[in-house]
Structure formats: C-alpha cells, structure tokens
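Asker: sequence plus the predicted model coming up.
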Protein chains: 4
Amino acid sequence: MSDVSDWWRTAIIDMEPGRIAFRGRPIEELIGTLTFPQMIWLMLRGDVPSDGQARLLEAALVAAVDHGPQAPSIAAARMAATCGVGLQSAMATGINMLGDVHGGAGEQAVALYQCVAARGDLDATLQDWRAEHGKYVPGFGHRFHKPTDPRAPRLMQLVREARDGGHCDGRFVEIAEGIEAALSRAAGKPIPMNIDGATAVIFAELGFDAPLARGIFVLSRSVGILAHAWEQTQQGGRNKGPTPPGYRWTYDSSGS
Amino acid sequence: MSDVSDWWRTAIIDMEPGRIAFRGRPIEELIGTLTFPQMIWLMLRGDVPSDGQARLLEAALVAAVDHGPQAPSIAAARMAATCGVGLQSAMATGINMLGDVHGGAGEQAVALYQCVAARGDLDATLQDWRAEHGKYVPGFGHRFHKPTDPRAPRLMQLVREARDGGHCDGRFVEIAEGIEAALSRAAGKPIPMNIDGATAVIFAELGFDAPLARGIFVLSRSVGILAHAWEQTQQGGRNKGPTPPGYRWTYDSSGS
Amino acid sequence: MSDVSDWWRTAIIDMEPGRIAFRGRPIEELIGTLTFPQMIWLMLRGDVPSDGQARLLEAALVAAVDHGPQAPSIAAARMAATCGVGLQSAMATGINMLGDVHGGAGEQAVALYQCVAARGDLDATLQDWRAEHGKYVPGFGHRFHKPTDPRAPRLMQLVREARDGGHCDGRFVEIAEGIEAALSRAAGKPIPMNIDGATAVIFAELGFDAPLARGIFVLSRSVGILAHAWEQTQQGGRNKGPTPPGYRWTYDSSGS
Amino acid sequence: MSDVSDWWRTAIIDMEPGRIAFRGRPIEELIGTLTFPQMIWLMLRGDVPSDGQARLLEAALVAAVDHGPQAPSIAAARMAATCGVGLQSAMATGINMLGDVHGGAGEQAVALYQCVAARGDLDATLQDWRAEHGKYVPGFGHRFHKPTDPRAPRLMQLVREARDGGHCDGRFVEIAEGIEAALSRAAGKPIPMNIDGATAVIFAELGFDAPLARGIFVLSRSVGILAHAWEQTQQGGRNKGPTPPGYRWTYDSSGS
C-alpha cells in the first residue's frame, strides 16, 4: 500500500506549526515587501520577478478586470447575488464561465505566438492555425470595440517601453505586430490587436506557459466579478433573471 | 412593460465602442498608472486610495494567498485539475468552498470589531457575541499554528506603522488588541490573533464593509488555488481522490 | 497520528474489486429492480420505500424540473453553454444558484410545517415565524402564477389520495391547508399554496429532513438545467449575455 | 436594435400566469402520470418514451448514482459540506468535477460506437481512435474492478432483453461486444466492458446524442453526491481536508 503522505506533493508551500513558507521564503518576509503581482509571480513561477517584469504583469492584471455586465460571467455573478448564496459562490459562478470561448483567447494567442516563434514562419503558421481552428484568430479584432480596443495600444506601449528598458526581448511584440499586419492585409481593412492579443504578448514576453494566461486572466476578471456581485447585493432584488419578467421568451411550438 | 435597458444598472463601468471607463476613468489612463491593489479598491469603492491605504490592502492580499493543500479549497482545486476540466473550472471549484466556515472568519471579525466600535463596550459585545454564535470567536486562536500564526504579528506591525503615519486612525487596532487580551485573560493562556483577525483590522481600518473582507480574501486565495491547480496539472494524474486507492474508507454497516 | 483510513466514513456505499453495494445491497440486484425514485430514497434514507411512498416522491421530482428560462439558474446555464465549458460545468453553474432565495423555499416550508407540528399551535407558530423571517411565508403565493400555481393542486390531490390509501398520515396536509387558510384570512384574498408549499407537504409526509427538500429539488431542477443547456448548445452562440448587445446597461454616473 | 424578446428562444417550456407546459403538455397532466425517467426523456427529447425505452433509461440512471468517496466528485462534495456552504453549493462542487476524464467516458463511448456504426468497419475505426486518442478506449477495462465491473453484465442483460422485446434494435449491443472482443484479443486477456461502456450501449440504442450521455450521467451521479454531502453534514466537521492534519504533504524543496 502506497504511503498516503506521498499521495500529494507540492513545491509551493511548506508549513509546520508557527511557520509558513512559500517557495522556501517565510511569509513574514514577504508581507509588506512583495507587491501583490510579485507574490502572484512567486507562487506561479517559484522566483521573484524584477521590478520591470512585475510592472508588466501588473498592467495585464489591471487591464482585464471587467468588460461590463453584458458579459455572461458578470451577468451570472449579479444574478447569483440575488439568489441567496454567499459572495464566494457568486464569484465562483462568474469564474466558472470563463471557458474556452469566454476566457480562452489570451491562452490561445500565447500558444499561437509560441508556434510562430518555434516555427519561424509566420504566414505558414497562421495558415495552418486557421485551417485547424477556423477563421477566428484569437487576440485580434473585436465585435464591440470598433475601430480599436482601447486597452491594447496602451498595453503595447508599455511592452515596448519594457523592451527598450531591457526587461524583455521584444520577440513576441514583433510576432504579434506581424500577425496584425498579415490579418489586416488579408482582410483589406484593419484587424487591430485586442486586449487578449496584447496581454498575450506580455505573458509570452514574461515566459509564462500558455495556460497561465487564462489563469492570470481569471485572477484579474475576478475583481470585476466581485465588484458587480457586491454592487448587485447592495441594490437588492430576488431571483433576478436576464430580463424583466414582462419580457416573454420565445416558445417555438415546432418542438425540438 | 418595464424598459429592459433599466433592468440592470451599474456605477462601475461605462462602455461604448472604443471606450471603456471604470468609475468614470478611461481604462487607458489606469493601465500602467494604478497598481493592482489600487485598481481593486477603485472597482470596489469608486475612488483611488492613497499610497498608504493601498500598501495596507496589498499586505492583506499578499498574506492570505495560500494555507497549504490540507485546506479543502486547495485540495478540491488539485483534484479538479485531474478530472479533465478547464483551469477556470478548477479555480471555481476551490473558490466555491470558501463559505462561512472556510472563508468567513475575516468577514465575521470585521463585523465583530464594528459591533464593538458601535457599542463602545468590548466586554459586553464579546459576551453577547459568544452567547449568539458560540465559544469560537473569529480571528483569534489557530488549530494548527501554535503558539502563533506567523502572518498576524507582521500584519499588525504594518497597521501600526500606517496608523503612526496617519494612513488610518488605529481605532480597530485597539479593539482587536482588546479582544485578544480579553480572550486570553478568560482562557488563562494566550489566544493570539490569527490572519483573519489581523486582516480584519486592516479592512476595518480602511473602511471596507464586512462582506468585502470575504470578497477580498477570495481574490487573495485565488492565487494559491491557481498555483496548486497548475502544479497538479503539470504533475498529471487522473481522477485523483483524497487518498491513494489502497486506502479504504470505513463502511459503517449499522446503516444510516 | 490518527489513522487516515478513519478520516472518512460512510454508511452509503461499500466497495471492493468486483463488488459495489449500496446500503448493503449489491448494485446488480438494484439495477432493473428499483425505480430511480426508489434508488434516490435508498441512497438518502437507507431503506427502500413502499410503492405508494415512491410514487409521491416521483410526483415531486417530476413537478419541479423547470420553471422557465427567466429563472436565474436556467438563464445562467444557457449562458454558460455559450462560453466554451463542458455540459457538466454549465449544469454546475445553474445548480450553484439554487441558494436560500432561489432554491430554499421548499426546505423552509418543511421546517415551518415541522415547527407547527411540534408546537401544536398554528397561529402562534406563524406569528413567530413572520416576526423572525419577515412577511414572506415560504410555500404560499406566487409572484407570477396568479391566481394559482398549476402544480400545487395536482400535487395536493396526489397527497390526499396517498393519505386515503394509507401511504402517509396526512398530518402535514392539514397543517399546510391551515396555513393557507390563515394567510388568506389575514390578507383578505386567496394566498394559495405554490409548488414549494405542496412539495414540502410531500417531503414532510414522507419523513424527510428539511434540508433534503432542497437537495431533492436540486435533483429535479437539474433536469431542466440540462435540457436548457443542451438546447442552447444546439442553438449555438458565443458569449451570450443577458440581453442583445444593442441594449446598454444603465451607467449611474453619480458613483457608488 | 434587435428585439430583446427574441434573444432567448426555447421549445422546452411555455408559461403564462397559471399555466406551465413542457413540450406543449400542461404540467398538471404530467405530474402523477409520467415517471421521472419519462419526464427526463420528455425534457431532453420532446416526446414521451415507450415503457420499454423508459425502463432502459431508468436502469442507466440507477446504475451510476455513486462510485464511492474515493472519487474526486464525491470527496469534494463531502469537503464542501464542512466549509459552511449550502447543500446546493456542495452539489455544484461535485458536479463541476465531472469533466472529460471523470465524467466523459460514457459520452466518448457513445461517440465511438456511432463512429463504428457509420463507418461499418470496427477494426479500422478502433485503430484510428487509438491513433488519435491513445491506448485508453472509453468504456472498457477498469482500474479498480477486476476482473469485472459488476454493473456492466446486469445492464447488458437488460439491453438484450429489451432488444428481444423489440424496444431497440440491438445494433450497438453488437458493436460494443465486438469492441470488447477486439480489445481482449489484442491484449491477450479479458478487457471487459465497464459501466460507461454499458450505459453507452443504452444511450446509443435509445438514440441519444453523445453529449447527453454525460448529461444523464450527471443527473445520476448527482444522487450520490447529494447523499454523501448530506451524510457528511450530519457527521459534522469543519474544513475537512483530504487527510487528517497529522499527515504532512511532501514539500519538494527543489523548487518548481
């Protein structure tokens, strides 16, 4: 019979009574010393980032907190807040919606950038990507923000400054700009980078694995989910559905 | 029939194509300018905190990220990571566990401190609290960290420095220390403040409503939940249960 | 150090390789023999109900499967189905909303009936209940179904038949009808029993603990949640929010 | 601006005050008339199944209710029950774990059977499946139940009886038995069908789309999740982790 104390293993935390250490560092040396983004990095990566790296991560965390209550995650959290559940449960409800379609574009964009970097041929990679995944390229274009998602240019400005300051090497800036140019050329109109494309540049430049792009996005969007769940709690309401009760949903009598 | 566009109302975000503003401030002016804790405050409160206030909030966010995989929230997130669900779903699973018992002590401690402040009589408030809620007082004592939770003294040191620097008035420092003294006196042994008691001092000093103590705790603990879910994903495993399969659970044949 | 194999204990299931037994009964003797409602009862209670008892439970399970997509649980499950998550995750999203307000009325009604039965004074119990919980009495009246929730009379007809057939003693039929009469008298207009009031009569007659009223309701409503999540999956859509994007939410510039 | 009342459409339910109909049938005609499995079918498919079809569906629903607390879904629900959340939230926690690995084998087996049926060449289909998905074939073999999962033979007996009675045509019985024989031949030892393989035969024979195999499995397993969450609630406990606190997890000091 295997030893139960080996069943779970972790390199993240070490505890004994009176002692808590993260990645080998006592918690009391981290509190008041590390910024929250530095702590996030330490937990996910095992080391403490430089100030320049932490500033980039912080910008990505700030940029994605919320995109309005029309988003399913925010709407669901607000609804949950009227159903008699705890605030943590309303938050879990919203977060649970950040799946491949709602929360996956950043992760997919990092993966795409890494493919381009590994293969060294942007056009061929892009062509294969679209053959496999369809016409939609994650990180570019926006169904609502036309002509431009206001978050992307500001984020890209910060990445370029970080590159010029030696905090990252700028390889993925170039790749993302190359994709933007290729897509716009093919479409005959601008297909500008959106927030997912821009934060993906940051995550790729900082060396994060693609799935962590989604994980960090969740940390960021959780802020908006909490803010909206709390605002709805204060507004009150019971069992608030998507539209006022007066609006009837369409019943299609032709059956399934 | 009521107007559907009035059904949801928010003061948090304002959007139109090409424009996103939080609490009236365009997002491109916030990215790279606000720290992540300042952005959290802006979203929850509507204004930007001073640097001293933001540093206190940041310390609370850093302190509570993780308490080890023995915690149900962390264990559940690691299990979920072996079940073929997305990372966001593993995170939601962990967060959904932060209920009144697992994630509520900070909120309860803020409420208790506010009761003491409102009534002005610590002993009477404490007595009534225990009559209503039982012997357990949220924020004091720890079943694992004996003699002392290492996070609390460091957090309290920072609050005292903030008070001395004029960033908060210190009223709740005094109340929490009074409760600690009263509990220890009654028990005949030290019942030291734990992390929930100390972060509750921070939240109360900063003027947060009690439920937001839980909400902000969730934001913090989400970091550990993500780190563990990701570590487990990298370790692999399929349908990992609480103990190795060799361990049998006890079947109680005496029936229900 | 405590023995890890004692850490979890159950009287529900007993397994060894090649053998699975529920409440001591081998699964191969249950499949094809018990109805699904009988199996639910066996799992929750430890014995097999009579046919008459099982029919009542079955009626409650059938009655509550769905109350339309205006309900937050159904709406959230449909939204989730457009976010790129698994069907189980869309179901969990809907179920997670069945909190005290959205899913708790049946449980509260059972508790109320049991209070009346224990105290033996309906009017006094009702008065105390409203003093503690407010004017809303769980299980009676309906904000949408006026004059009558069509499910309640049919369920009550079945309970009365079961009582007349000796399958239950009818004590809670009498209590619920007494509450309906008292509320209607006080309001000067009919306040008829709704589905939660009627299923609560069933659960109380069958001897279920009050919290299981909520649990069984969740089993029932899960059917509607699944049906709607699946219908939405087939309809398609990406990141479907509560209303069409053209509808703007109200931004309240006066701040929080 | 599109009409908000068209934004959601459903063929499942039709309501107006005092009237609820499912698939066009008034609810009061269904309560006490349909069995719960028949109601599940009506909700998912739009028509009422024959008694023979309903009995098969019922057997699948009974067979899969629980597989013991070593399963992550059950363990997580029990943990949640000690964290101060509602019963619905503990249930959502367990259900949210039934992802591709934990809850997807039945769905995958239906899809595999349908591939075999469409292509008409079992060996070629099986070979391509394993080339794409790896050596693990969903629905066959069991890591715990050796030699045989006791649920599968009983379920297959019922399907064969249904086929002989004319309730289904038996095409997928033959396919599944063919796969079992092919796998066993290739392995040089028996690789018997497990519960997922057998319920998949039922779902395929009854004409369910593959994703509904997972959905119906969730409905079934929800019963065990509820039973265990409720049993744990009655046992008590606070913040119960996977193993007793005395067991330390392994900290790997070599870092990430």
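Answerer: The structure has been received and is ready for your questions. Residues are numbered from 1 along each chain as shown, chains lettered A, B, ... in the order given.
Asker: helices and strands of chain A: which one has the lowest mean pLDDT?
Answerer: None of the helices or strands of chain A scores lower by mean pLDDT, DSSP states H and E than strand A:250-251, at a mean of 80.
Asker: pull the longest helix from chain A.
Answerer: helix A:210-235 (DSSP state H).
Asker: which residues of the stretch 1-150 of chain A lie near chain C?
Answerer: A:4, A:68-73, A:75-76, A:79-80, A:82-85, A:89, A:92-93, A:96-104, A:143-144 (CB under 8 Å from any CB of the partner chain). In this view, the C-beta of every residue, glycine as well, is placed from N, C-alpha and C.
Asker: weed out the non-buried ones from those.
Answerer: For the residues of the stretch 1-150 of chain A next to chain C, a neighbour count by 16 or more other CB atoms under 10 Å in any protein chain shown gives the buried set as A:4, A:68-73, A:75-76, A:79-80, A:82-85, A:89, A:92-93, A:96-104.
Asker: tell me which entries of the residues you listed lie within strands.
Answerer: Counting by DSSP state E, those place none of their members in strands.
Asker: quick one: low-confidence ranges for chain A?
Answerer: A:1-2, A:253-256 (pLDDT under 70).
Asker: what segments of it are strands?
Answerer: According to DSSP E, the strands that chain A contains are A:9-10, A:13-16, A:19-22, A:25-26, A:250-251.
Asker: all helices of chain A, in order?
Answerer: So, for chain A - with DSSP H - the helices run A:27-30, A:36-45, A:51-63, A:72-80, A:87-95, A:105-119, A:122-133, A:151-164, A:171-187, A:195-205, A:210-235.
Asker: can I get those helices in TSV including distance to residue D:227?
Answerer: Putting those into TSV (distance: least, CB to CB, whole Å) gives the following:
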stretch	distance to residue D:227
helix A:27-30	39
helix A:36-45	36
helix A:51-63	41
helix A:72-80	25
helix A:87-95	21
helix A:105-119	37
helix A:122-133	42
helix A:151-164	48
helix A:171-187	51
helix A:195-205	42
helix A:210-235	31
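Asker: TSV for the strands of chain A, including mean neighbour count and distance to residue C:57?
Answerer: Output for these, formatted as TSV (neighbours: other CB atoms under 10 Å in any protein chain shown; distance: least, CB to CB, whole Å):
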stretch	mean neighbour count	distance to residue C:57
strand A:9-10	18	45
strand A:13-16	19	46
strand A:19-22	20	49
strand A:25-26	14	56
strand A:250-251	16	29
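Asker: would you mind giving those strands as JSON lines with distance to chain D added?
Answerer: Below are these laid out as JSON lines (distance: least, CB to the nearest CB, whole Å):
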{"stretch": "strand A:9-10", "distance to chain D": "4"}
{"stretch": "strand A:13-16", "distance to chain D": "4"}
{"stretch": "strand A:19-22", "distance to chain D": "9"}
{"stretch": "strand A:25-26", "distance to chain D": "11"}
{"stretch": "strand A:250-251", "distance to chain D": "4"}
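Asker: quick one: closest of those to residue C:60.
Answerer: Smallest distance to residue C:60 across the strands of chain A (CB to CB): 25.1 Å, for strand A:250-251.
Asker: does any part of the closest one sit near chain B?
Answerer: No: Strand A:250-251 stays clear of chain B (CB under 8 Å from any CB), getting no nearer than 14.6 Å.
Asker: what of stretch A:160-174?
Answerer: No: on the criterion CB under 8 Å from any CB, stretch A:160-174 is out of touch with chain B, staying 8.7 Å away.
Asker: just the endpoints, please. Distance across that stretch?
Answerer: 10 Å (CA to CA, to the nearest Å).
Asker: same question for stretch A:60-70.
Answerer: Per CA to CA, the first residue of stretch A:60-70 is 21 Å away from its last.
Asker: so for that stretch, what gets flagged as buried?
Answerer: In stretch A:60-70, the ones that count as buried by 16+ other CB under 10 Å are A:60-70.
Asker: and stretch A:120-129, by the same measure?
Answerer: A:122, A:125-126, A:129.
Asker: quick one, which of the strands of chain A gets closest to residue B:216.
Answerer: Evaluated over the strands of chain A, closeness to residue B:216 peaks at strand A:19-22, with 19.0 Å, by CB to CB.
Asker: still on that earlier bit, let me have the buried residues of stretch A:60-70 in JSON lines, extended by distance to residue A:223.
Answerer: Output for the buried residues of stretch A:60-70, formatted as JSON lines (distance: CB to CB, whole Å):
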{"residue": "A:60", "distance to residue A:223": "13"}
{"residue": "A:61", "distance to residue A:223": "8"}
{"residue": "A:62", "distance to residue A:223": "9"}
{"residue": "A:63", "distance to residue A:223": "11"}
{"residue": "A:64", "distance to residue A:223": "9"}
{"residue": "A:65", "distance to residue A:223": "4"}
{"residue": "A:66", "distance to residue A:223": "7"}
{"residue": "A:67", "distance to residue A:223": "12"}
{"residue": "A:68", "distance to residue A:223": "14"}
{"residue": "A:69", "distance to residue A:223": "14"}
{"residue": "A:70", "distance to residue A:223": "17"}
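Asker: contact partners for the residue in the stretch 151-256 of chain A that chain C sits nearest to?
Answerer: Closest to chain C within the stretch 151-256 of chain A is residue A:242: 3.6 Å, counting by CB to the nearest CB. Applying CB atoms under 8 Å, 6 or more residues apart in numbering or on different chains, we find residue A:242 in contact with A:75, A:79, C:69-70, C:75, C:242-243, D:7-8.
Asker: try 7 Å
Answerer: Applying CB atoms under 7 Å, 6 or more residues apart in numbering or on different chains, we find residue A:242 in contact with C:75, C:242-243, D:8.
Asker: of those, just say which sits nearest to chain B.
Answerer: Nearest to chain B among these is residue C:243, at 5.9 Å by CB to the nearest CB.
Asker: skipping adjacent residues, who's closest to that closest one in space?
Answerer: Spatial nearest neighbour of residue C:243, excluding adjacent residues (CB to CB, 6 or more residues apart in numbering or on different chains): residue D:4 at 5.3 Å.
Asker: quick one: residues contacting the one you found.
Answerer: A:243, A:247, B:4, C:243-244, C:247.
Asker: buried ones among the residues you listed?
Answerer: A:243, A:247, B:4, C:243, C:247.
Asker: tell me which two of these sit farthest apart.
Answerer: Checking the buried ones among the contacts of residue D:4 with CB to CB, the most distant pair is A:247 and C:247, at 10.9 Å.
Asker: help me see whether the least confident helix or strand of chain A makes contact with chain C, please.
Answerer: No: using CB under 7 Å from any CB of the partner chain, strand A:250-251 never reaches chain C; the gap is at least 9.5 Å.
Asker: end to end, how far does stretch A:187-205 reach?
Answerer: 27 Å.
Asker: how close does residue A:40 get to chain D?
Answerer: Applying CB to the nearest CB, to the nearest Å, the value for residue A:40 to chain D is 14 Å.
Asker: look up the closest residue to that residue, ignoring the ones flanking it.
Answerer: residue B:223 is the one closest to residue A:40 (CB to CB, 6+ apart), at 5.3 Å.
Asker: and for residue A:212?
Answerer: residue A:44 (6.1 Å).
Asker: and for residue A:229, the neighbour number?
Answerer: 27 (other CB atoms under 10 Å in any protein chain shown).
Asker: contacting residues around it?
Answerer: Neighbour list for residue A:229: A:77-78, A:80-81, A:87, A:90-91 [criterion: CB under 7 Å, 6+ apart].
Asker: so how far is residue A:71 from the residue of the stretch 101-250 of chain A found nearest chain C?
Answerer: Using CB to the nearest CB, the single residue of the stretch 101-250 of chain A nearest to chain C is residue A:101, 3.2 Å away. Taking CB to CB, to the nearest Å as the measure, residue A:101 falls 11 Å from residue A:71.
Asker: got any residues that touch both of the two?
Answerer: In contact with both residue A:101 and residue A:71: residue C:239, using CB under 7 Å, 6+ apart.
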